[in-house]
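Asker: Fold the following.
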Amino acid sequence: MTTVLAPVEGAAVGLAAVPDPVFSAGLVGPGTAIDPLRGPGKAVAPIAGKIMKLHPHAYVIVGDDGKGVLVHLGIDTVQLKGRGFRLLAAEGDRVSAGQPVVAWDPAAVEAGGRSPVCPVVALDATNGAVTGLAEGAVHVGDELFRWD
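Answerer: Below is the predicted model of the structure:
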C-alpha cells in the first residue's frame, strides 16, 4: 500500500470540485484535489520516488513500486509558461516524501483568472484502489489518501 501525502496546504475538496472535466470525471485517475491556501508556498513530493516528469505547473513522481502520482498546480496553469513557478528539483531526481519540488503562489494564479485548485491523482490506478480520502483542512505532509 502507498500512502499519498498532501503536497500543499489547504482544503481537500475532491476531484468533482476541479473546474476541468478531464480531472473532475476521474479520466486521469482517482485521487482528490486541494484548494490551496492563498499565498506563496512550496509544493512537495506526495510520495518518495523519482521525478519522472517535471513542469513548472505539474509533476509526476513514481515510487519504487511503480506507482505514479501526478500533482497539478492549478488548472490551465500551463498557459502561464512557468511564470510564477520556481523549480526546486530536477526531472530524474530521487526525492523523499515531503521534499519541496516547486515554489509557487496560488494567489497569483487566481489573480490571473485561473483556478489554483490542485488535483492529486493516482495514475493508472483502478477504481476502488484509492481509499481513505482526506476531507477538509490538510497540512503539507498530512495523509491525503491510500493506494492499495
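Asker: wait, what's in contact with residue 82?
Answerer: Residues near residue 82 by CB atoms under 8 Å, 6 or more residues apart in numbering: 55, 56, 57. All C-beta atoms are positioned from the backbone trio N, CA, C, and that covers glycine.
Asker: Going by distance to residue 14, which of the residues you listed wins?
Answerer: For these, the closest approach to residue 14 (CB to CB) belongs to residue 57, at 20.7 Å.
Asker: just the helices in the chain please.
Answerer: 21-24, 106-111 (DSSP state H).
Asker: now the ones you listed as TSV including mean neighbour count and distance to residue 72?
Answerer: TSV is the format used below for the helices of the chain (neighbours: other CB atoms under 10 Å; distance: least, CB to CB, whole Å):
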stretch	mean neighbour count	distance to residue 72
helix 21-24	15	7
helix 106-111	19	12
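Asker: and the nearest residue to residue 147 once chain neighbours are set aside, how far is that from residue 24?
Answerer: Nearest in space to residue 147, with sequence neighbours left out and distances taken as CB to CB, 6 or more residues apart in numbering, is residue 2 at 4.3 Å. Distance of residue 2 to residue 24, computed by CB to CB, to the nearest Å: 23 Å.
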